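>>> Generate coordinates for the sequence data below:
(5 chains, ligands or ions: 4)
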Amino acid sequence: MPADAIVQVRGVGKSYDGGVEALREVNLELPTGRLSTLLGPSGCGKTTLLKIIAGLIAPTGGEVWVKGKKVEGPGPERAFVFQDFALLPWANVLRNVAFGLELRGLAWEERAKIARDYIGRVGLKGFEASYPHQLSGGMRQRVGLARALAVDADILLMDEPFSSVDEQTRRKFQEDLLALLQVERKTVIFVTHSIEEAAYLSDQIVLLSPRPGTVSRIIRPDIERGGTSPDEIRRDKNYLDVVDEIWQILKRYVD
Amino acid sequence: MPADAIVQVRGVGKSYDGGVEALREVNLELPTGRLSTLLGPSGCGKTTLLKIIAGLIAPTGGEVWVKGKKVEGPGPERAFVFQDFALLPWANVLRNVAFGLELRGLAWEERAKIARDYIGRVGLKGFEASYPHQLSGGMRQRVGLARALAVDADILLMDEPFSSVDEQTRRKFQEDLLALLQVERKTVIFVTHSIEEAAYLSDQIVLLSPRPGTVSRIIRPDIERGGTSPDEIRRDKNYLDVVDEIWQILKRYVD
Amino acid sequence: AQQRTKIRYALGDVVSIDELPLLIAAERAKARGVDVEITAFKSEDVATQAVINGQADIGQGTPYAALQKVGAPIRFFYQLSALLFFPIVNKEFYKSWKDLDGQEIAVHTRGSGTEAIMNLAAKEHKIKYKNVSYVPGSQVRALALLKGNIKATILDASNKNMVMKEQPDKFLILPLGNVKASDEALFATREFLDKKQAGVRIFLEELTKVNRAINANPNWVLEERKKLGLLKDLPAKLEGEILPFYREAVQNGVFPNDGGGDSAAKNDLEFFRLSGALKGENLKVEDFWHLAPLKAALANVK
Amino acid sequence: MNRKEPILKRSLVWQLISFALFFGLWELAGRWPVSLAFPSFSKTFLALVRITADGSLPKAYLVTLQPLLIGIALCGIAGIGFGIGMGLSRAIEWASLPLFIILQAAPMAAIIPLITYIYGIGLTAKVLAVVFLAAPVVVMNSYKGIRNTNPSLIQMCRSFLGTRRQEVIKIILPHAGALIFAGLRLGLAMGFIGVVIAELLITPTGIGDLITYHSSVADYPEMFATIVSIIVIAALAIHGLERLEQKIFPPEIRGS
Amino acid sequence: MNRKEPILKRSLVWQLISFALFFGLWELAGRWPVSLAFPSFSKTFLALVRITADGSLPKAYLVTLQPLLIGIALCGIAGIGFGIGMGLSRAIEWASLPLFIILQAAPMAAIIPLITYIYGIGLTAKVLAVVFLAAPVVVMNSYKGIRNTNPSLIQMCRSFLGTRRQEVIKIILPHAGALIFAGLRLGLAMGFIGVVIAELLITPTGIGDLITYHSSVADYPEMFATIVSIIVIAALAIHGLERLEQKIFPPEIRGS
Ligand SMILES: Nc1ncnc2c1ncn2[C@@H]1O[C@H](COP(=O)(O)OP(=O)(O)OP(=O)(O)O)[C@@H](O)[C@H]1O
Ligand SMILES: Nc1ncnc2c1ncn2[C@@H]1O[C@H](COP(=O)(O)OP(=O)(O)OP(=O)(O)O)[C@@H](O)[C@H]1O
Ligand SMILES: [Mg+2]
Ligand SMILES: [Mg+2]
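Ligands and ions are numbered 1, 2, ... in the order given. From the prediction side, this is the model:
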């Protein structure tokens, strides 16, 4: 797979000011057009790694290459979906979704048009004029997703995007996300705590060890998606095996 | 099962001051010595129902009977495990666990002895002198559990006790809880959002409809527990069927 | 036509009936081309401050200590009125100066004329106070006396009259030897006095004429006030106090016919040295007073 | 949270009862009487009507409000500007934060007598009294507003390639709006104190003149009425601003 | 959150720079000179040493601190008690909350000149000045402390069969501790303002006497030194209390 790796993480390490070593010697290749998951115990450096890839944090060692260029900061080919949504509380849904385009200097007309399109695609039609506080957690999450989609980046970096919605809504989202990616053909890097979520969504699962985080295992669940309904996937033997395998590894990390 | 129902909910309804009708005509029997789960979409009144059973909220209609007596308020036979832990931030673990006994006027010596015992049972030995802010979410949750166990009530009322810990810790807890109940023989009423959790833990699952909450279905997952390892249960056909059945029902409620 | 002169006059008190002579003189000076613009400040200190900083031309009061310390050449040049104060005690507790030995008294402020008077009296009667507390404002002390919060203090004429009228049988006024020091004097920078000689002269002429008229007939104040329409919104209660106040003041020689001059200066130096406001021996009049403007004015009103 | 609502709703009746109780006690104390110079509520109220009707109170307010408004406007421009500077620039922050922390805790009212020694006795001195009292809280609130911007929003802005300029204009400033406004409100409260003390301690003009004058001629009801009026007006103004603040910046849109 | 730490650590150096800057400007302004009556920093500092050494400043503080401490102690007992009462009893709350909301926003300093008319000029009057200024914030903070008790803790207490008495003693009061303490600290800050203004507007004793006296005899450096000393002492006391507060009630154990 190295040939079509859109993101390459080479020997990345990160120590925070306080002396905390969050990551050590992480090597990773993330294939184009696929969904990769970072999974690991709390505090193992998942968010840190994702932000390093995003160019929001500088690593203290190693480097990240995206599309053959070394990462020095955020870039237009990467878009971040924040765990806490990071919506402007004083702006309505339309402006929030269009915010990435606003920063790029697009004219109002143009960016509103694009934003409306993506608001429709994430199923928020009719809520353009609502403010974040008027939306449920799940709807806010979708605003964040639409904002990231609107800038049409090739790579979506998602930090536990479904962690603040309830289990049932989460399942719904997972299905929506898979459907959306079917159409959009993006590369997605996804951080999660949930073994089921990782196994269900991913083409590639990167298991990180506890702090300092290193890659302890890479799993490629070869689950048959074409045609099978989500409910069938959840009973798929491959799927259950992957879940089990991961749980056996992670179990050791839990106190 | 009516014969050995320790809690009977008879036609309970609840309208809040603001005019919100949270529950309508809920009828329910909860069997002695079993774990029952309340499951339903967000805002359907699960917490409300649990608090009515606990005697913390008065219903606006119907009544609750516990051990053959009508509920007028909290009682010594019921103990509540709070979703947000509800620990005293200024008291250490020992005092927090002993707090229920402190309120009952037990002497210091005596209640410390009991509390130490339960602190050990939930696996917090060595943390007696720690303060809540020094503990992880999971450890705090266990303090809340130990406090509820320490008053030796017959009925444990648990409101989403594992919702604030990460997936992996949560799995660990579920197993711990089942092991503990094996020894303690309590009746447990458990609120959750998680279908897997409900299916995995429960003897009886009460599915509530969206607001105003009513009982829409009662499912008794007949899962063989004796001898089978937790990981086997998660692949059990019965278990997967129950998960599926619940998901099909709840799917309709998700926006 | 004659060019008009403006004089900014800083008063360290609210304008009330005691200021009537000043107000009358200001009106009359206006007719002669000198505009005296009176601003009332919270206290004498702030008024003095205004003169030092050049925000006012003439100040009123007796800031001898400030004069001695500040580098700027500021001089007194006219005595507006002499001290007239009345030591007053609660009859229940004290009957004479002797009774005040070892007792607590209240005066205006530290280093003020009121304190000096009480200290001089103590010296004269060979007594010693236990404690001197400072309660600024005659009116405040009068109220405190009536309320029983203080038992011995010193008041100005109008407040003494108020107290005696309110509860005539309760209080006693103690006798006081003649004190000739200034209660209010005018001061300004030398620079101003030299530059605005004509204006100052006219103002002083009018002040002197007013004082002389009052000394001749206290009732004149009332007539003049009516004629000029001064202090129009004075409450009736206070209006009735005007005549007694001026009668008493005239009887006690409060308003000098000659602006005080050299003798006032000498009295002041002696008095304020005794009171402790002025430091040092051999104080020279010319270091504190500038007598030329007064002489020029007196020459015209002879 | 939920408790606030019912209180505000039932408040009209209870406010009336609360104030009736207070005024009743005052009336009693005045009639007893506590002191010769302590007028009862009814007398004070009549005096208030009197001085309002004869125009002296409104005229006094015109004079008093001048330094207050100028001072607050100055704080609004320079104070907020400086606070924002402190929030954005480490150098300014480090050079001035310790001083402002001290100033915010200090009884700045004590400085008012000093002002005359530097700025004399005119309007400037009173404006300065207002500024000295109001500035620390205005500056500190603006600073905190800037500093407390949700870091996640800033990262979001950077991740979408926002420039530093865009970050300040589109994220930091709107985010700080509520705290800055609150700072201005608290500044106004301090400014009221400043202007009243300045008028009592420096030159009595406006309200200060009314108070001093009525006190000197022993019109105690008028004097009390004047003071009560400024207290009530200030309290109402501040309270009104607080409500306005909650309207413009409801907690929901403030972000965390 | 994390930003606070480094500032506090590096603060010693920066505090020195910050104050050096301030004092330097003052020295320049004094030497220029802005006004004949405006002493430079060095002159003021020497005067401070002088009046400290001759004992007049310490003695003045002994006098000034008396009404302050009595007033704060009174607020500490009655104010906190009343605030707690307001928090626990609906009746008290409704009858007094509107009044206290107004009082908290009001420039209570304006009331000080009135105190003389009721309570004369002695210690009582000054204690009252302190109380009037400090009480609203003490009462309101105690009230808020009680009212903001985490409802979940109260439910917990009730679910374990706690009586109302136990609820108050074991949950509500410990929970309100931090806010009550903060109220006392803010009250002390107001009390400093109150006592200084009272000493300037009522009878000059203690610090007020030093200020008035030195001003009347034109010892401007001494006067400035006195005022600066009270500002600094008050600021340090309040700031110190704030630190103590963070020690006794670190945010972690406050609960939400
Ligand atoms: N700004 C920072 N300064 C110092 N230490 C940090 C900082 N951010 C994170 N850390 C530490 O680095 C480690 C990794 O943090 P990170 O947020 O990447 O973990 P994570 O895997 O995302 O955890 P979680 O699953 O809880 O979100 C943690 O121990 C954390 O305490
Ligand atoms: N104190 C209250 N006053 C008014 N309405 C309330 C109150 N508490 C809860 N509600 C409303 O009652 C409904 C049921 O609330 P409840 O907390 O029981 O739901 P829930 O099923 O526990 O939800 P969740 O899964 O989000 O915890 C909700 O719509 C909620 O908004
Ligand atoms: Mg993370
Ligand atoms: Mg709930």
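>>> I'd guessed D:T116 sits against D:L128; true?
No: look at D:T116 against D:L128 with CB atoms under 8 Å: they stay out of range, at 9.8 Å. In short, each C-beta sits where N, CA and C put it, glycine included.
>>> neighbour count winner among the two?
Higher neighbour count among D:T116 and D:L128: D:T116, with 28 against 24, using other CB atoms under 10 Å in any protein chain shown.
>>> which SS state does the more buried one fall under?
helix (DSSP: H, G, I helix; E, B strand; the rest coil).
>>> And A:V64, by the same measure?
The three-state assignment at A:V64 reads strand, by three-state DSSP.
>>> For the stretch 101-250 of chain D, what lies in contact range of chain C?
Proximity of the stretch 101-250 of chain D to chain C (CB under 8 Å from any CB of the partner chain) is limited to residues D:116-117, D:120-122, D:200-204, D:209, D:212-213, D:215-219.
>>> Those, buried ones only, as a PyMOL selection?
Per 16 or more other CB atoms under 10 Å in any protein chain shown, the buried members of these correspond to this PyMOL selection:
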select buried, chain D and resi 116+117+120+121+122+200+201+202+203+204+209+212+213+215+216+217+218+219
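>>> Where helices are concerned, which of the residues of the stretch 101-250 of chain D next to chain C count?
Under the assignment DSSP state H, these contribute D:T116, D:Y117, D:L200, D:L201, D:D209, D:T212, D:Y213, D:S215, D:S216 to helices.
>>> So what's the gap between stretch D:19-29 and the chain middle?
27 Å (CA atoms, centre = their mean, to the nearest Å).
>>> Stretch C:123-135 now?
Relative to its chain's centre, stretch C:123-135 lies at 22 Å (CA atoms, centre = their mean).
>>> Also stretch A:172-182?
Chain-centre distance of stretch A:172-182: 13 Å, with CA atoms, centre = their mean.
>>> quick one: buried residues of that stretch?
Neighbour counts over stretch A:172-182 (16+ other CB under 10 Å) mark A:K172, A:F173, A:Q174, A:E175, A:L177, A:L180, A:L181 as buried.
>>> Stretch C:81-94 too?
Neighbour counts over stretch C:81-94 (16+ other CB under 10 Å) mark C:S81, C:A82, C:L83, C:L84, C:F85, C:F86, C:P87, C:I88, C:V89, C:N90, C:Y94 as buried.
>>> Alpha carbons of that stretch, as CSV, please.
Presented in CSV, the C-alpha positions along stretch C:81-94 are these (Å, rounded to 0.1, in the frame of the first residue of the first chain):
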residue,chain,number,x,y,z
SER,C,81,-12.3,88.6,58.8
ALA,C,82,-10.8,87.8,62.1
LEU,C,83,-11.4,84.6,64.1
LEU,C,84,-14.7,84.5,66.0
PHE,C,85,-15.2,81.2,67.7
PHE,C,86,-17.1,80.1,70.8
PRO,C,87,-15.9,77.3,73.0
ILE,C,88,-19.0,75.5,74.0
VAL,C,89,-19.5,72.7,76.5
ASN,C,90,-22.3,70.5,77.7
LYS,C,91,-23.5,71.8,81.1
GLU,C,92,-24.1,68.4,82.5
PHE,C,93,-20.5,67.6,82.4
TYR,C,94,-18.5,70.8,82.5
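>>> Residue nearest the middle of chain A, spatially speaking?
A centroid search over chain A (CA atoms, centre = their mean) returns A:M158, at 2.1 Å, as the residue closest to the centre.
>>> pretty sure that residue contacts A:V81?
Yes: applying CB under 8 Å, one finds A:M158 in contact with A:V81, separated by 4.2 Å.
>>> shared neighbours, those two?
A:L145, A:A148 (CB atoms under 8 Å, 6 or more residues apart in numbering or on different chains).
>>> what about chain C, any weak spots by pLDDT?
Filtered on pLDDT under 70, chain C yields the residue ranges C:1-2, C:71.
>>> got the buried residues for the lengthiest helix in it?
Longest helix of chain C, by residue count under DSSP H: helix C:197-216. The neighbour-count check on helix C:197-216 (16+ other CB under 10 Å) flags C:199-211, C:213-215 as buried.
>>> Which pLDDT value belongs to the residue of the stretch 51-200 of chain A found nearest ligand 1?
For the stretch 51-200 of chain A and ligand 1, the shortest gap (CB to the nearest ligand atom) falls at A:H193, measuring 6.0 Å. At A:H193, the model reports a pLDDT of 82.
>>> Run a quick neighbour tally on it.
Look at A:H193: counted by other CB under 10 Å, it has 21 neighbours.
>>> same question, D:V196
Applying other CB under 10 Å, we find 29 residues neighbouring D:V196.
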